[in-house]
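A.B. asks: From the sequence below, what's the structure:
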Amino acid sequence: MGWPSTSDSGKNSKNDDSSRRPVSWPDSLNGTDWEHYKDPRNWVLTLLVTTTTLVSLQVYRSYLRRIPGTTHIQPSFFRKRSLFGRVTSVGDGDNFHLYHTPGGRLAGWDWLRKVPVKKTELKNKTIPIRIAGVDAPEGAHFGHPAQPFSSEALTWLSDYLLGRRVRVLIYRRDHYDRIVGTVYVRRFLTRQDVGLEMLKRGLATTYEAKTGAEFGGLEEEYKAAESIAKTRKLGIWGGKKKAFESPRDYKTRMNVGEPQNGNGKTKA
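C.D. replies: Got it, this is the predicted structure:
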């Protein structure tokens with residue numbers, strides 16, 4: 001069998017060399033068969049799949065991803081977003097812990113996904129919430145005695161919220177790493193403002209601190225409810241006027257010698 005002729009070999013070598021030569025960008029565009037892309041059937045499906053994937057990821061990150069704690073809440077969420085979840089514990093007359101359940105039952109919570117019950121399972125997985133716009137009587141802490149009606153406020157809030165699903169319109173993070181927000185709960189098929197209900201029953205005053213007050217645009221309504229409870233002498237307003245001390249005045253009076261938290265601020 002004879003060897004291939006050198007002339008054929010040379011031709012093949014030239015063809016290979018020409019095929020490997022770099023092609024300029026304009027030549028590449030001019031050489032593309034654009035007629036192929038003019039038919040929507042060749043690119044619409046790909047575009048739809050890509051768009052759906054990107055939108056789904058964004059929806060999950062913004063609305064369906066569970067937030068395990070305060071530090072995981074993005075600053076951009078404040079005053080624009082709300083948190084939905086179950087109340088797992090009530091620590092005082094105006095604050096509690098929330099286990100975030102984004103999407104609620106539609107996302108499988110309570111039938112496919114369960115909210116933990118044990119304290120060990122809930123550790124570092126809940127968000128502390130401070131009810132905005134109200135100040136409940138102070139319980140016994142830091143070695144100081146409890147205010148009148150502090151236990152009544154705590155009992156009422158526990159009965160009203162513990163184990164229930166609530167929605168919190170979030171405003172900011174306070175110096176105790178709690179999320180301050182207006183809290184809503186469904187009771188008897190209606191959505192009720194928890195802070196407003198406390199004021200109506202005389203179990204709290206409107207927030208009186210000079211700094212850090214948050215009402216979410218509800219200050220006028222809150223003060224009106226407080227005024228009605230005061231007129232009717234409900235709850236904390238039922239005693240003698242001269243003997244009354246608001247939670248803010250109590251905390252101001254007890255600030256002397258009161259233990260402080262790590263950043264040098266006393267409880268608000």
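
A.B. asks: Every contact and neighbour count from this point should use C-alpha atoms.
C.D. replies: Will do.

A.B. asks: Low-confidence ranges, the stretch 1-150 of the chain, go.
C.D. replies: 1-39, 41-43, 47, 53-63 (pLDDT under 70).

A.B. asks: hey, where'd the helices end up in it?
C.D. replies: Using DSSP state H, counting those that start in this stretch, the helices of the stretch 1-150 of the chain run over residues 6-20, 25-30, 44-59, 119-122, 150-161.

A.B. asks: which residues does the residue nearest the centre of the chain contact?
C.D. replies: The C-alpha lying nearest the average C-alpha coordinate of the chain belongs to Leu83 (CA atoms, centre = their mean; 4.1 Å). Neighbour list for Leu83: 100, 102, 167-170 [criterion: CA atoms under 8 Å, 6 or more residues apart in numbering].

A.B. asks: Repeat that for Phe215.
C.D. replies: So Phe215 contacts 132-133, 182 (CA under 8 Å, 6+ apart).

A.B. asks: Please flag which of these sit within strands.
C.D. replies: Counted as lying in strands by DSSP state E, out of those, are Thr182.

A.B. asks: Who does Leu83 form a beta bridge with?
C.D. replies: Leu83 has these beta-bridge partners by DSSP bridges: Val168.

A.B. asks: gap between it and Ile228?
C.D. replies: Distance from Leu83 to Ile228, counting by CA to CA, to the nearest Å: 30 Å.

A.B. asks: Arg178 touches Ile129, doesn't it?
C.D. replies: Yes. The pair Arg178 / Ile129 is scored as a contact, 5.4 Å apart, by CA atoms under 8 Å.
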